[in-house]
Every structure is written in structure tokens, then in C-alpha cells.
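Enquirer: got a structure for you, letters missing:
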């Protein structure tokens, strides 16, 4: 035998007992302190760990053999180049993808629900309200307030009464009666209110170094965003928040690594920095739309019906035609672009796919133009014509088709959007893939792939799809 209890003295036995008990205590402590430990990779609880260390900054380390992300609570160091404070943990970790685990957003939902039950004077709330605008800009605004709530551990309150009966969300967010200052005396309200404003929504070519400094204070009690631009894209450009987005599995590890690489590399060119840093916000927005913004059952039944009828076993190309930014003559550009996609796909498959396996889904603000395309390509084209067409600002009946169109556009194998339209860009975010686009009136560009460094713009003004 390795050892015999009979030969052990009481003192030795007691010593072994203490060692085993200490080991057991150590094991239990670290099991509960770190939620997961997978091959040396830690995923920390956002409440028990992150709040103790806040703010957490992620730094990038590069060696000749490997690249890794360092996260830490070891000591505060001043980054001489950027002038930012970094908290560095001695442990090098790889942030793992939690797709196969339960939705981490449930932890944020629990925070939200807990806050809503508190006395009004103690509630930490991210408010969202904006002017009457289209579906795309409205979602930009809502996503911005949602990201603020996630970053600050606040509850979310949205004033958008018309949409409430068309979505089935995991938490209750709609409240048109709760006032911004409810429960707070004037002095506290004025001191604890933070009004967020987008700095570059209307600038087509983003100043990425400025965007990387976008932040929200954690000590406010009320956060307000009234804008219609994608302020969330600006917040997602700040590397200090990368940890939060990774924790909730809102962005891929690869995307974070590429963003950190261009941030740490002084030789990175502007376009490369814009593309890779803004990709973080593109993924965060898309994943939040897919996991949080859930349409009601009747709309999802329609999505399923269309999918089974048109999408299965077909290659579907989506057209998003917004005639606010294009002329009727531009319709041919969309058709030519779709035909080009078909030719390239056909050639790449070595003639193994039949032409009638291609389908076109048309979403537009002009029923006349939809009918024209249907007349020319009756066997290839499908739409949601059975529902009322209109703009949600002026027509309550337009909500069902508006939401359905975005859902279907996001399922297309390829998507061609109108430059300047946020509607198509929201669908592209849901697909997590940059779309093709047709720029508007008086533009010579044809079928081009969108770029985050310089998004497609509308022909009637300096409007960008992501603006």
C-alpha cells in the first residue's frame, strides 16, 4: 500500500486531514468565484467580479509565438501613448465563445427586473425616447439605450407605445408613464442625469480615435438618449467595454482580437482601424437584435412560412428599395446586381445549380415598383404583398409588414440595400454580414460591397446607412 493508517500517528493523521480540508476549501472557493474554468480560460461573473474591478480595460499583448488578451486587477498603469489607465490582471486568458451555453443576457435581464422592483428613488434607469422616425432609426435609438443599460447595469425604459403589441421581449421595457425624474428631488436629478449624444452620427467617414473615447459614467442614476443615430456603435468602439460585450457573448473573439491588434499597432492605417473597430458594434447590434428584439408569434409564423416556401433549397437575394434615396431608373441597378450575383454563384458551383433555384425577395416603399419587378420576373420574385405597405410613422397598419420584411431580408443569402437607408442596414446587422448596395441618385457606382469605414450614402444628401 501507498501508506497505512495503522502506521500513522495522530499528529500525522491530523496534518493530512488539515491538508485535505484546505485543498477542498480552496477548490470550492475558486469554483464559485469563477463561473467557468475551461483549459485555463476564465469567464468571470459580471456582478461579483466586474463591479469589484470596474472599470475593466482589456489590453493586447503580442509575442513572436502567440497573441493573447490580458485582463487584470493587478495594478493601475498609465499607458504613455494613449494616456488611459489600464487595470492589468496577471493571468493571460482567451475569451471563450459561449454560444453553447445558456444565454448570458439572462443575467442582464435579472438585473433589469431587480431594479424595476426598487423604490423609484433608487432605480438606475436608461431611458429611450425619440422623435417619430422610421423603423431603422428607431431601432438604432433603442439599441443605443440598451447598450447603455448593459454597460451601466441599469434597467431599460422605452417610450414606443405603438410597437409594444408587435414584439415579444424577454423583459418589460415599455412604460409611457414613468417620468425621467420620478422619485428624485431636483438637486439629485440634476446631478445624477446623463444625457447621451452621438458625436458622429451624421459624419460619413468616422474619426475612429475620437469614437474610441466614447463612454458613459457609471455613477449616474438616469441615462437619457433621444437621438436617432447609432450611438451604440460609438460606445462599442471603446476598448474599455470589449470585456462587457464578450462576457455577454455579443461579439466574436476573433473580432475583438482583430480590433485590439489594430489599436495596439501604431502602423495601422485609418481604413483598417475603422473597419475592424466598428465591426465590434456591427456584431453587438446584430446579436442584440437577434437575441433580444423578438417579433410576436404571428410574425414569426409568417417568417417560417416564407422560409419553408422560398428559402429552403434556394439561393435568395434580397432587394431593399428605398425610393427616398434612389430614382426609379436605379431599379435596373438592383436587377443587374442580382443577375451578377447569380452568374458568379453559378460559375463557382460549376453549373451544379439550376437558374430557377434563385429567388428574389423584394422589400420597398413603392408598391408600383414592386409590381413592375413582379411583372418582369414572376417566377423568381416574391414579396409580402398580403400585408399593408406604408411607413410606421403615418400608418399603424404598416408595422406587421415592416417587421416581417426586416426579418426576411436578414435571412437572404445576399442582400442588396439602398445607400442611405437605415432599414436595409438593420437587416444586414441581423444577418451579421455586410450587404451589397446601390448608391442613390446621380451616382455612378454599381454593385459594391458595403464598408464600415465609409458606409453607403443616399443620393439626396450626405446620409450614411450607418450614421
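Expert: Noted; the coordinates are in hand. Remember, it's a predicted structure, so these values are computed and weren't measured experimentally. Numbers count the residues shown, from 1 in each chain.

Enquirer: and the pLDDT at residue 407?
Expert: You'll see residue 407 listed with a pLDDT of 98.

Enquirer: and if you look at the one 3 residues further on?
Expert: As summarised for this prediction, residue 410 has a pLDDT of 97.

Enquirer: which residue packs closest to it, ignoring adjacent ones?
Expert: Nearest residue to residue 410, sequence neighbours excluded (Cβ to Cβ, 6 or more residues apart in numbering): residue 430, at 3.6 Å. Bear in mind the C-beta positions are built from the backbone N, C-alpha and C, glycine included.

Enquirer: wasn't that neighbour part of a strand?
Expert: No. Residue 430: not assigned to a strand; according to DSSP: H, G, I helix; E, B strand; the rest coil it is helix.

Enquirer: how about it, what does it touch?
Expert: 286, 289, 290, 406, 407, 410 (Cβ atoms under 8 Å, 6 or more residues apart in numbering).

Enquirer: so residue 25 is in which element?
Expert: helix 10-33 (DSSP states H and E).

Enquirer: ok, now residue 127?
Expert: Assigned by DSSP H and E, residue 127 falls in strand 125-128.

Enquirer: buried set for that strand?
Expert: Neighbour-count burial for strand 125-128 flags 125, 126, 127, 128 (criterion: 16 or more other Cβ atoms under 10 Å).

Enquirer: for the stretch 101-250 of the chain, just list every one of the strands.
Expert: 125-128, 155-158, 193-196, 222-225 (DSSP state E, counting those that start in this stretch).

Enquirer: so is residue 378 in a helix, a strand, or just coil?
Expert: Residue 378 - assigned by three-state DSSP - is coil.

Enquirer: could you check how far it is from residue 136?
Expert: Here residue 378 is placed at a distance of 29 Å from residue 136 (Cβ to Cβ, to the nearest Å).

Enquirer: give me the sheet partners of the strand holding residue 127 and which way each runs.
Expert: Using DSSP bridges, strand 125-128 pairs in its sheet with strand 155-158 (parallel), strand 222-225 (parallel).

Enquirer: before we move on, back to that, between residue 378 and residue 136, who's got more neighbours?
Expert: residue 136 (23 against 9; other Cβ atoms under 10 Å).

Enquirer: what about residue 207, how many residues nearby?
Expert: There are 12 residues near residue 207, going by other Cβ under 10 Å.

Enquirer: for it, which non-adjacent residue is closest in space?
Expert: Leaving out its chain neighbours, residue 207 is closest to residue 200 (Cβ to Cβ, 6+ apart), at 6.4 Å.

Enquirer: thought the one you found was touching residue 212?
Expert: No. The pair residue 200 / residue 212 is not scored as a contact, 11.6 Å apart, by Cβ atoms under 8 Å.

Enquirer: for residue 424, give me its contacts.
Expert: 136, 320, 322, 409, 415, 417, 418, 435, 437, 465.

Enquirer: the same query, at a cut-off of 10 Å, please.
Expert: 136, 318-322, 363, 405-406, 409, 415-418, 435, 437, 450, 456, 465 (Cβ atoms under 10 Å, 6 or more residues apart in numbering).

Enquirer: picking up where we left off before, quickly note the distance from the residue nearest to residue 410 to residue 347.
Expert: Counting by Cβ to Cβ - residue 430 and residue 347 are separated by 29 Å.

Enquirer: ok, residue 188 next?
Expert: For residue 188 relative to residue 347 (Cβ to Cβ), the value is 66 Å.

Enquirer: more neighbours: which of those two?
Expert: When residue 188 and residue 347 are compared for neighbours, residue 188 comes out ahead with 14 against 9, by other Cβ under 10 Å.

Enquirer: what's the neighbour count on the closest residue in space to that one that isn't next to it in sequence?
Expert: What sits nearest to residue 188 in space, not counting adjacent residues and going by Cβ to Cβ, 6+ apart, is residue 221, at 7.3 Å. For residue 221, the neighbour count with other Cβ under 10 Å is 20.
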